[in-house]
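**Student:** Predicted structure and sequence below. I'll ask about it afterward.
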Amino acid sequence: MAESTISLKARETALRAKGFLTEAEGMMLFEMARWSSQHAPCLEVGSYCGKSTIFLAEGCRLTGRNPLFCIDHHRGSEEQQPGELFYDADLFDDQLQCIDTLPHFRRNINQAGLEEWVIPVIAKSKQIGKYWAKQDLSLVFIDGGHSEEDAFGDYHTWTPHIISGGYLCIHDIFPDPADGGSAPYLVLLHAQESSEWEHVRQVDTLGILRKRNHGQQTNQNR
Ligand SMILES: C[S@@+](CC[C@H](N)C(=O)[O-])C[C@H]1O[C@@H](n2cnc3c(N)ncnc32)[C@H](O)[C@@H]1O
């Protein structure tokens, strides 16, 4: 019988993994990927230790058609460096003297049983974006660097590859910057202002937008 929901193995590994996603956000990503990945691959920017990756890739696995590309240089964002607010000493490689989340990411994806559905890309988002040619994407999840340069860079790099009817999910939407920074929220506002996107919903701090079909009427001209 076809599986209808997230496996216990994936759920437990995702919940155990270090990361910054609520379970409700994760389950929303799972459902979105399950639906979207029937049309084209999904892509995330900012995998860290694989928490969001597991929810998304498990959606891909259940649908059984397309994988998830996972972009991260695995050296951590600014706020995850030594002395910063989200520094985690477990992720510091003493020999290399830098953050390295890749071993944690790989272990979690293996334990979740999702290696076949995850294509890790160990690079800066803009760097790989320059070489991304024809591959359409059904869903892009942006949770990489949270500076305006990084967040808008991710938006401009990856959204042109999303198919009509596909989804853009942005994490850490805080209308009040004091709660956690403003760049993802500014990207969401920017997208909402363009007629290309319609806002679908928000789950905790996860904003979800849908790319309008070409030629589809917008709310403004309806
Ligand atoms: C907030 S964490 C992602 C959390 C993850 N999505 C989760 O579910 O827990 C941000 C990640 O983005 C990565 N990152 C930051 N800037 C990046 C860039 N320009 N290109 C690729 N990855 C980047 C960092 O290395 C870090 O692992």
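**Tutor:** Received, thanks.

**Student:** Could you list the low-confidence segments of the chain?
**Tutor:** Residues of the chain that meet the criterion pLDDT under 70 lie in 1, 214-222.

**Student:** for it, what spans make up the helices?
**Tutor:** Assigned by DSSP state H, the helices in the chain fall at 8-16, 23-36, 51-63, 102-111, 125-129, 148-158, 183-193.

**Student:** looking at these, which is buried most?
**Tutor:** Most buried of these by mean neighbour count (mean count of other C-beta atoms under 10 Å) is helix 51-63; its value is a mean of 27. Any C-beta I mention is one placed from the backbone N, CA and C, and that applies to glycine too.

**Student:** What is that one packed up against?
**Tutor:** Helices and strands touching helix 51-63, by 3 or more C-beta pairs under 8 Å, 6 or more residues apart in numbering; DSSP states H and E, are helix 8-16, helix 23-36, strand 42-45, strand 68-71, helix 102-111, strand 137-142.

**Student:** Tell me which residue of the protein lies closest to the ligand.
**Tutor:** Gly19 (2.5 Å; C-beta to the nearest ligand atom).

**Student:** which residues touch the residue nearest in space to the middle of the chain?
**Tutor:** For the chain, the residue nearest the mean C-alpha position is Phe141 (2.9 Å; C-alpha atoms, centre = their mean). Taking C-beta atoms under 8 Å, 6 or more residues apart in numbering as the criterion, Phe141 is in contact with Leu29, Cys42, Leu43, Glu44, Val45, Gly46, Ser52, Leu56, Cys169, Ile170, His171.

**Student:** Include distance to the ligand when you put those residues into TSV, please.
**Tutor:** Listed next are the contacts of Phe141 as TSV, based on distance: C-beta to the nearest ligand atom, whole Å:
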residue	distance to the ligand
Leu29	9
Cys42	13
Leu43	12
Glu44	7
Val45	6
Gly46	3
Ser52	3
Leu56	9
Cys169	10
Ile170	11
His171	6
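
**Student:** just these now: which is nearest Ser195?
**Tutor:** Closest approach between the contacts of Phe141 and Ser195, by C-beta to C-beta: Ile170, at 18.1 Å.
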